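S.K.: Generate coordinates for the sequence data below:
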Amino acid sequence: LKDKRVWILMIPDFSIVIGLYALGLWMPQMVKAMGYTNIQTGWLVALAYFTAIGAMVLWGMSSDRRGERVGHVAVASLAGAAGLIGAALFSNPVLIIASFCLAASGIYAALAVFWTLPTALLRGTAAAGGLALINSFANLGGFFGPYVTGWLKDLTGNYMLGLEVMAGMLGIAAIAVLLIGRRYFP
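M.R.: As a prediction, this is how the structure comes out:
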């Protein structure tokens, strides 16, 4: 595809998907490592995703009401990053679980609103090819996020650096979408 907008939109999507898959793979193990039973771990992880469901719906409604997409993706990405940083820095299990709820909510809300951006720019056959290319590249984040998080855990003996790297990637998503928005979504 020659449309550079497609290539540019890969950056925030890739960055969000890194956080999405890394959190999805490692959050249960991080919660379990806090000393919870398997059942408790399952419920606490489910709590994060139930929270994300509500946040995703409400954030999408807010974006639709305001007709604003870019800021919603950026703010949600930053909320996800803040949740990951909180999970890395807090030692209180309640605060860590609350941070995971914020992280999951931010990541899923950002991803839901993100997909309104390429569909607003692309039409016809360019839309089909462009959406497929953006999604295909972003799914590489589904490999790199969990892999890098696991590698950093093995390297350091804890999840802190992995959570911080995921937070950094969500920060990159926020910056990238704001830069893209300034140029293509005035």
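
S.K.: Can you name the next helix or strand after the strand or helix carrying residue 5?
M.R.: Using DSSP states H and E, residue 5 falls within helix 4-32. With elements assigned by DSSP H and E, the helix or strand that comes after helix 4-32 is helix 38-66.

S.K.: Does anything pack onto the next helix or strand after that next one? Which helices or strands?
M.R.: Note on helix 38-66: by DSSP H and E, the next helix or strand toward the C-terminus is helix 70-89. In terms of contacts (3 or more CB pairs under 8 Å, 6 or more residues apart in numbering; DSSP states H and E), helix 70-89 is packed against helix 4-32, helix 38-66, helix 93-114, helix 160-184. Quick note: C-beta positions are derived from backbone N, CA and C, even for glycine.

S.K.: which secondary structure elements does the second one contact?
M.R.: On a contact count with 3+ CB pairs under 8 Å, 6+ apart, helix 38-66 meets helix 4-32, helix 70-89, helix 93-114.

S.K.: if we go to 10 Å?
M.R.: Based on contacts counted as 3 or more CB pairs under 10 Å, 6 or more residues apart in numbering; DSSP states H and E, the elements that helix 38-66 packs against are helix 4-32, helix 70-89, helix 93-114, helix 116-121.

S.K.: dump the residue contacts of residue 176.
M.R.: By CB atoms under 10 Å, 6 or more residues apart in numbering, the contact set of residue 176 is 8, 9, 10, 11, 12, 13, 14, 15, 16, 73, 74, 77.

S.K.: ok, back up a step: lowest mean pLDDT across the helices and strands packed on helix 38-66, which one is that?
M.R.: For these, mean pLDDT drops lowest on helix 116-121, to a mean of 88.
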